[in-house]
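**Student:** take this sequence and fold it.
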Amino acid sequence: MNIDDVKRNAFAMPLTSPAFPPGPYRFLNREFLIVTYRTDLDALRAVVPEPLQVTEPIVKYEFIRMPDSTGFGDYTESGQVIPVTFEGQAGGYVHSMYLNDEAPIAAGRELWGFPKKLAAPSLTVERDTLLGTLDYGPVRVATATMGYKHCALDPASVLAGMQAPNYLLKIIPHVDGSARICELVRYFLQDITVKGAWTGPAAIELAHHALAPVAQLPVLEVLSSAHILTDMTLGLGTVIHDYLA
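**Tutor:** Numbers count the residues shown, from 1 in each chain. Alright, predicted model coming up:
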């Protein structure tokens, strides 16, 4: 393989058998359980990078089922999104993500900078309850429950919330272990169809774990919940701040 072949074919690792295909990445019947809770403001400010700004002590804990996703197949993920502002515009900073499929872990980290780690999340319906769990190895680190489809939400307001910008901190190391890329990335969900949205009574419990530290943003009060079913495309990102420039 000559130099021109490498340059023409290289887009992801490994070179001759990439862990994921080129996009676009379309998701059908993508299902969310989102529990919004109040937490400690100082704990939030300790983990959100400037120039993003935290204005409220709020966290959105998400469980997401993706049964049909282009190039990634069928998988589930779970993690925390922190409401922030950037230059006065409201959005969400993705703080943690845990999932059970190599392809979206590799693509998420390499392309966008999603903070993805391998774990075992699940989202199921248990009789009258929507149940989200996250296990890291044999340890249960998150459990969320919600009454199943108790009350419909306005699809237009749900759509507006999903169209807000999202932010990531992308870090790729140099061969000497230092940061070669350290960028704040903004991305959007695109071509969204809200197929259903509901709310209901909800609860969430987080446990401490050294390598899955979701409980470092403690649950002080559950504020709301949402169960959302959508089709969407995950848009590629843009760099809005280079920390190494």
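**Student:** buried ones in the strand or helix carrying Val81, by neighbour count?
**Tutor:** Val81 is located in strand 73-86, with elements delineated by DSSP states H and E. By neighbour count with 16 or more other CB atoms under 10 Å, strand 73-86 contains the buried residues 75-86. Bear in mind the C-beta positions are built from the backbone N, C-alpha and C, glycine included.
**Student:** ok, stretch 194-203 next?
**Tutor:** Within stretch 194-203, the residues that qualify as buried are 194, 197-200, 202, counting by 16+ other CB under 10 Å.
**Student:** please apply the same query to stretch 12-25.
**Tutor:** Within stretch 12-25, the residues that count as buried by 16+ other CB under 10 Å are 12, 18, 20, 25.
**Student:** could you identify the most distant pair in these?
**Tutor:** Across the buried residues of stretch 12-25, the longest distance by CB to CB is 13.8 Å; it joins Pro18 and Tyr25.
**Student:** circling back: can you redo the buried residues of stretch 194-203 as a markdown table with secondary structure and pLDDT?
**Tutor:** Converted to a markdown table, those look like this (DSSP: H, G, I helix; E, B strand; the rest coil; pLDDT from 0 to 100):
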| residue | secondary structure | pLDDT |
| --- | --- | --- |
| Val194 | strand | 98 |
| Ala197 | strand | 98 |
| Trp198 | strand | 98 |
| Thr199 | strand | 98 |
| Gly200 | coil | 98 |
| Ala202 | strand | 98 |
